[in-house]
Structures are given as C-alpha cells and as structure tokens.
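Pasting the sequence and the predicted model now:
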Amino acid sequence: LKPRVWSTPADGASGFGWHFDNFGMAFQTLFEVSTFEQWSDYVYSGVDVTQIGQQPVAWSVTWNVLFFHLWVVMSCFFVLQLVIGVLIDAINQKSGAALYTDLQRNWLRMKLRMSRLKPLSPVPVPTSKWRLRVWRLANDERLGNTP
C-alpha cells in the first residue's frame, strides 16, 4: 500500500496552481481570487485544509470562507478602485486630455486659441472734420455700433 500524500493543487486559473506556501504564490492566489477567476475553487480548497502534509477533510475549517469573502469585498470594491483611481490620476497629470470626449477636447483647443489672441489695436480717430463726422455717424450707439 502506498500512503496518501497531499500536494498543492496544480490547476489554477494561471496554470501554476494555488497555495499559501510562500509569499509569491499567496499573492498570486489572492490576486486571482480578487479577479473572480475560479475563486469558488479556491474557497472550497481553503475550507478543506487540515495540517501540513495531510490530505484535506471536507469542511474542516469553515471560517476560511469568511476570509475569502472579506478578501473579495476588500480587494474588489476598495483596492482595485484605488489602483484604477491612481492610474487615471497619473494619466491626467501626464497629458490631461487622455480621457476627454471630443467636445471637451474641442473646448480645450478653443480655450488655448483664445488665450493666444491679442487685443486689436484701437482704431485711430480721424483728424479731418468731414471724416470725423462720418466716423461718428458710423459708430453711433443709436445704430448699435460702438467704437
């Protein structure tokens, strides 16, 4: 008779398996749980753990379900939102226009063009009497024109 020996699962979502034997694999396992990729398999395996080198016993540590559910809530609703927020902030600081709509980009271009405009030089007032009368008539407020 051969003794039954338990080994870590080798068929995870990434193909490397899942376990908490070292930091790297624990981090990868928790990342895969937070992406909801086969996370129920991880929960069922986590509930069945016993001791090192022993085969699993069904539902031996039911409190592990609480750990995985708390991890899903914390990672999906808080940590991943934080990462996305930091990435969007970095994009906005770099260029500022990466996430704008076409209308917003057009507004920014128009605003930039308007900031580059220089005021027109004032129209010189004519010195001759006849031209001064015609100029005042053309720029009269009653006609809707202002100098």
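Done, it's in. Numbering: from 1, shown residues only.

Could you check how far Gln81 is from Pro122?
Plainly put, Gln81 is 56 Å away from Pro122 if you go by CB to CB, to the nearest Å. (Glycine included, C-beta is placed from N, CA and C.)

how much space between Ile88 and Phe78?
The gap separating Ile88 from Phe78 is 16 Å, by CB to CB.

quick one: buried residues of the helix or strand containing Leu70?
Counting by DSSP states H and E, the element that carries Leu70 is helix 63-74. Going by neighbour count (16 or more other CB atoms under 10 Å), the buried part of helix 63-74 is 64, 68, 71-72.

Show me the shaky parts of the protein.
1, 3-16, 95-98, 145-147 (pLDDT under 70).

ranges for the helices of it?
Here the chain has its helices, by DSSP state H, at 23-34, 39-47, 63-74, 80-94, 102-116, 129-138.

isn't Gln28 right next to Trp18, touching?
Yes. Proximity of Gln28 to Trp18 meets the contact threshold set by CB atoms under 8 Å, at 7.4 Å.

if you count what's nearby, which of those two comes out ahead?
Trp18 (24 against 18; other CB atoms under 10 Å).

pretty sure the more buried one contacts Thr29?
Yes. In terms of CB under 8 Å, Trp18 counts as a neighbour of Thr29; the distance is 4.2 Å.

Can you tell me the centre-most residue of the protein?
Taking CA atoms, centre = their mean as the criterion, Ile84 is the residue nearest the geometric centre of the chain, at 2.9 Å.

what about that one, distance to Val72?
When Ile84 is compared with Val72 (using CB to CB), they lie 17 Å apart.
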